[in-house]
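Engineer: From the sequence below, what's the structure:
(chains A and B)
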Amino acid sequence: KQEVTQIPAALSVPEGENLVLNCSFTDSAIYNLQWFRQDPGKGLTSLLLIQSSQREQTSGRLNASLDKSSGRSTLYIAASQPGDSATYLCAVRPFSGNTPLVFGKGTRLSVIA
Amino acid sequence: DAGVIQSPRHEVTEMGQEVTLRCKPISGHNSLFWYRQTMMRGLELLIYFNNNVPIDDSGMPEDRFSAKMPNASFSTLKIQPSEPRDSAVYFCASSSPGLAAYNEQFFGPGTRLTVL
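Structural biologist: Residues are numbered from 1 along each chain as shown, chains lettered A, B, ... in the order given. Okay, here's the model as predicted:
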């Protein structure tokens, strides 16, 4: 059974710092991986999706990498801002097609001005 | 597009009452997923549909939970009778067919359910 772990559970950094959020999964046979952002009391916003054949994806100040063989993904946030404060969730899709995601419990990020 | 629409956004009910949550997926999406989020367990799949057909309901906690998708634009999740341990945020998500989209899932804003 696929399990997804995110460490740390919470992180507080000063504004302007570059930071890395970590995600690990137990079964390397995945179809793709998504990073989401969740603001308090809100839904999930998809940030980046990486296919199993890809090594990284970039969107603005965000860069997500995938090392499938080691069961790891990282989300790199450059020049963090207070507006980046949110919970970041990592989710893997074990199978191709329209199949469910398996989520980690998230990392709660606070960027202090 | 308006995105995935869920109603109600908040629901407070008493133990034993019936609760119905509603979801409208993004137009053209053929898969719909119901997830539940709690502090203890995080986000977990309850059930999902492809082309209005339930594919996997192994995440549904017990017989008190049921879900339907009568057409491509509407789904319900019903809890009868509700219990305090059902208190959680329930999310609906949809995804589109075809390889180009990589089956990316889009989530609704969720329904926060409180059972007293």
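
Engineer: From now on I want contacts and neighbour counts done on CA atoms only, so please keep to that.
Structural biologist: OK.

Engineer: Now residue 53. Its backbone dihedrals?
Structural biologist: All of this is about chain A. Per-residue torsions, A:S53: phi -90, psi -10 (degrees, to the nearest 10).

Engineer: Switch to chain B, please.
Structural biologist: According to degrees, to the nearest 10, B:V53 has phi -100, psi 130.

Engineer: ok, so what distance separates it from A:Q38?
Structural biologist: 29 Å (CA to CA, to the nearest Å).

Engineer: Just want the residue of chain B that's nearest chain A.
Structural biologist: B:P109 (4.0 Å; CA to the nearest CA).

Engineer: three-state assignment of that residue?
Structural biologist: coil (DSSP: H, G, I helix; E, B strand; the rest coil).

Engineer: So for the nearest residue to it once chain neighbours are set aside, what's the pLDDT?
Structural biologist: Once flanking residues are discounted, B:P109 sits nearest to A:G43: 4.0 Å by CA to CA, 6 or more residues apart in numbering or on different chains. Per-residue pLDDT puts A:G43 at 89.

Engineer: Could you check which helix or strand contains A:T5?
Structural biologist: strand A:4-7 (DSSP states H and E).

Engineer: For the nearest residue to B:W34 once chain neighbours are set aside, which residues are in contact?
Structural biologist: With CA to CA, 6+ apart as the criterion, B:W34 has its nearest non-adjacent residue at 4.6 Å, and that residue is B:C92. The contact partners of B:C92, by CA atoms under 8 Å, 6 or more residues apart in numbering or on different chains, come to B:4, B:6, B:23, B:25, B:32-35, B:107-108, B:110.

Engineer: For B:C92, give me the backbone phi and psi.
Structural biologist: phi -110, psi 140.

Engineer: Give the burial count for the residue in chain A that chain B sits nearest to, as a bare number.
Structural biologist: Nearest residue of chain A to chain B: A:G43, at 4.0 Å (CA to the nearest CA). A:G43 is flanked by 21 other residues according to other CA atoms under 10 Å in any protein chain shown.
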